[in-house]
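*Asks:* Make a model of this:
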Amino acid sequence: MIPARTAVPPLLLAALLLPGCGKGEGEGAATPPTGAAPAAPKAEAGQGQKSTASAMLAYQTGLQLLLKGDPERAVGEFERAVGLDARMSEAHYELGKLQVHLSSKTIGSQARDLEILRRGIASLEKARDLEPANDHYWFWIGRARSIENDVEGARTALSKAVELNPRHAPAWKALGLVEKGAGQTQAARDAFQQAIQADPEDAGAFFQLGQTLEELQDLENARAAYEKSLAMNPTEPEVHGRLLTVCAALGDADCEARARAGMEAWTEYDRRLKLSRREVNQNPDDAKALRRLGLMYFEVGQWEEALEWFVKSIHLDPSDPRTHLYCGVTRRHLRDYVNAANHLKEAEFLAPDVLDPKLELLRLYAETEEAPAFQELLAKTESEAAADGPSLLDLGLLCRDLARADDAARLLEKAKALGATPDAAQGE
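*Replies:* This next block holds a predicted model:
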C-alpha cells in the first residue's frame, strides 16, 4: 500500500528542528556500592549469592517498569530488591528518588504527601550511608530536604554534593534556590553562577541568577541573564515579564517592547499548558490526555518533559502509533538511539501505511550512520510510494536535508513527474 501522512500538530516540523530546550535536575547515574559485605560462612555463601542475584533482578525489573511508565509497580520491585540485599545502594537510591516524585499530589502543584516524601528521604539516606562519597545521593537528599522545607538539612546535603563534585550543576542550582529562599541573596548569586559555569545551557539557572541580580539591584547583568535564559527557552512568560520590568527600569524602550511581545505570545502557550495539566490531573488514566500534555512540551523542544508523558501514555495504551512516533522522535533528540528505533519501528508496525515513522527512522539511521539500514528502508519506502507524488516529494526533501544529493534528485524528479513539487505542496 501507498504510505499516507498522519495528522501532525502544526508545530511538529519546527519541533523536529529545535535543539533540546528543557533542562532536568540532572539526576545522574548511581555508581555501584564501594563497601564490601563481610564474607559469609561457606554454608551460607550460595544462599547469599542467590539473594544478591535476585535483588539485582528485582532492581533491573524496577528500572524497566519506570521506562514503561509504571512507577507504582517499580516501587514494589525496588522495595523487593532492598529486602533481598539491604546493601544495594542503587536500589535504595532509585526507590528514594521515585518516592520523592510520587509524593507530589498533583501535576504542577507544590502540594506533597509528607509521609511518602519522608519515606523517600529515608531511602536516599540509606543509599548515602552505604556510599557516602556519591555526590548524586547527597544531591537528592538535599533536593528532598528542600521540598520538606528543611533549610539546614538541604544546605548541608547540597554543600556536600558540590564538595564531592564541583561540576554538579543541578546541586549548585538547588543550593542557590535554598539560599535564595533563606534570604541569603549573595550566596544564592554565587551558587547560580557556579551552576552556569558547570552547565552553561541551563535556561533555568540563568533565570534564577537574573532574579537574584535584580534583588541586588544589578539591573544590567540581570537583563543579560534573562536574555540568556530566553535565548535557550523562550516558552516561559514569567521570564519575559521579569525582563520587561528590568528593561523599563533601565529606560530601554526597545527592549521593553520586545519583552512585552514575548510575554504576550507565550502567555497563551502557558494557558494551554495549564489546561492540559488540569485535564491530566482530572483524568490520570486517559492515555490521550497524557499524550496531549507530552505534545505541549514536544512542540517547543522540551524533550525530557515530553518523554515523561509519552511513556505514561504508552503504558496505558501501547497500541497508539502516534505516541510511539512522538516517543521515538523525542528519544532521538535525547540521543537514546536504541529505544528511539524501537518506538519508531513499533509505530511503523502499528501503522504500516503511514509515512512519518519511516521518515523518522530514515532520519535516525542517517544520524547514527547506519548506511545499510538507511538504504534498505529508503528503497522499500520508495517502492511502496511509486505512484504517490506527495510521499516521494517528502522522501526527496528529507534526503536533501540529509545531504544525500543523488537520492534527493532522483526522488524529487519522480515526484515532479507525478505533479508534486514543493511549491505545489505549499499551495495545498
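
*Asks:* Just give the closest residue to Met315, not the sequence neighbours.
*Replies:* Check again: residue 315 is His, not Met. Ranked by C-beta to C-beta, 6 or more residues apart in numbering and with sequence neighbours excluded, the top spatial neighbour of His315 is Gly69, at 3.4 Å. Glycine gets a C-beta too; all of them are placed from N, C-alpha and C.

*Asks:* what does Leu398 give?
*Replies:* Closest residue to Leu398 apart from its sequence neighbours, by C-beta to C-beta, 6+ apart: Leu359 at 5.6 Å.

*Asks:* Check the gap between the one you found and Leu402 for me.
*Replies:* Note on Leu359: its distance to Leu402, by C-beta to C-beta, to the nearest Å, is 11 Å.

*Asks:* which one of these two has more residues nearby?
*Replies:* Per other C-beta atoms under 10 Å, whichever of Leu359 and Leu402 has more neighbours is Leu359, with 22 against 16.

*Asks:* List of residues touching the helix or strand encompassing Arg189?
*Replies:* Here Arg189 sits within helix 185-198, counting by DSSP states H and E. Applying C-beta atoms under 8 Å, 6 or more residues apart in numbering, the contact partners of helix 185-198 are 162, 166-170, 172-173, 175-177, 179-180, 202, 205-206, 208-209, 212-213, 215-216.

*Asks:* Alpha carbons of that helix, as CSV, please.
*Replies:* Once non-C-alpha atoms are left out, helix 185-198 reads as follows in CSV (Å, rounded to 0.1, in the frame of the first residue of the first chain):
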residue,chain,number,x,y,z
THR,A,185,21.0,36.7,48.2
GLN,A,186,24.7,36.9,47.6
ALA,A,187,25.3,33.3,48.5
ALA,A,188,22.5,32.4,46.1
ARG,A,189,24.1,34.5,43.3
ASP,A,190,27.4,32.7,43.8
ALA,A,191,25.7,29.3,43.7
PHE,A,192,23.8,30.1,40.5
GLN,A,193,27.0,31.4,38.9
GLN,A,194,28.7,28.1,39.8
ALA,A,195,25.7,26.2,38.3
ILE,A,196,26.0,28.1,35.0
GLN,A,197,29.8,27.6,34.9
ALA,A,198,29.2,23.8,35.2
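
*Asks:* Which SSE is immediately downstream of it?
*Replies:* According to DSSP H and E, the helix or strand after helix 185-198 is helix 203-215.

*Asks:* So the most centrally placed residue in the chain: helix, strand or coil?
*Replies:* Nearest to the geometric centre of the chain sits Glu304, at 0.9 Å (C-alpha atoms, centre = their mean). Secondary structure, DSSP: H, G, I helix; E, B strand; the rest coil: Glu304 is helix.

*Asks:* And it, how far from Pro237?
*Replies:* Going from Glu304 to Pro237 by C-beta to C-beta gives 21 Å.

*Asks:* any low-confidence regions in the stretch 1-150 of the chain?
*Replies:* 1-48, 105-110 (pLDDT under 70).

*Asks:* number of nearby residues for Val151?
*Replies:* Applying other C-beta under 10 Å, we find 15 residues neighbouring Val151.

*Asks:* confidence score at it?
*Replies:* Predicted confidence (pLDDT) for Val151: 97.

*Asks:* ok, how many other residues are close to the closest residue to it other than its chain neighbours?
*Replies:* Closest residue to Val151 apart from its sequence neighbours, by C-beta to C-beta, 6+ apart: Ala182 at 5.3 Å. Ala182: 14 surrounding residues under other C-beta under 10 Å.

*Asks:* do the same with Glu220
*Replies:* 10.

*Asks:* For it, which non-adjacent residue is closest in space?
*Replies:* Distance criterion C-beta to C-beta, 6+ apart; nearest residue to Glu220, sequence neighbours excluded, is Leu250 at 7.2 Å.

*Asks:* Would you check how far apart that neighbour and Gln211 are?
*Replies:* Distance from Leu250 to Gln211, by C-beta to C-beta: 16 Å.

*Asks:* Between those two, which is the more surrounded one?
*Replies:* Shown here are Leu250 and Gln211; by other C-beta under 10 Å, Gln211 has more neighbours (21 against 14).

*Asks:* My guess is that one contacts Thr245. True?
*Replies:* No: Gln211 is beyond contact range of Thr245, at 10.5 Å (criterion: C-beta atoms under 8 Å).

*Asks:* give me every residue that touches the residue nearest to Leu398.
*Replies:* So Leu359 contacts 394-395, 398 (C-beta under 8 Å, 6+ apart).

*Asks:* Spell out which helix or strand contains it, please.
*Replies:* helix 356-367.

*Asks:* quick one: buried residues of that helix?
*Replies:* Neighbour counts over helix 356-367 (16 or more other C-beta atoms under 10 Å) mark 356-366 as buried.

*Asks:* before we move on, what about stretch 126-139?
*Replies:* Counting neighbours by 16+ other C-beta under 10 Å, stretch 126-139 gives 126-128, 130-131, 134-139 as buried.

*Asks:* With His101 as the reference, measure out to Ala91.
*Replies:* For Ala91, the distance to His101 - C-beta to C-beta - is 16 Å.

*Asks:* and the two? which has more neighbours close in?
*Replies:* The neighbour count for Ala91 versus His101, taken as other C-beta under 10 Å, is higher for Ala91 (31 against 14).
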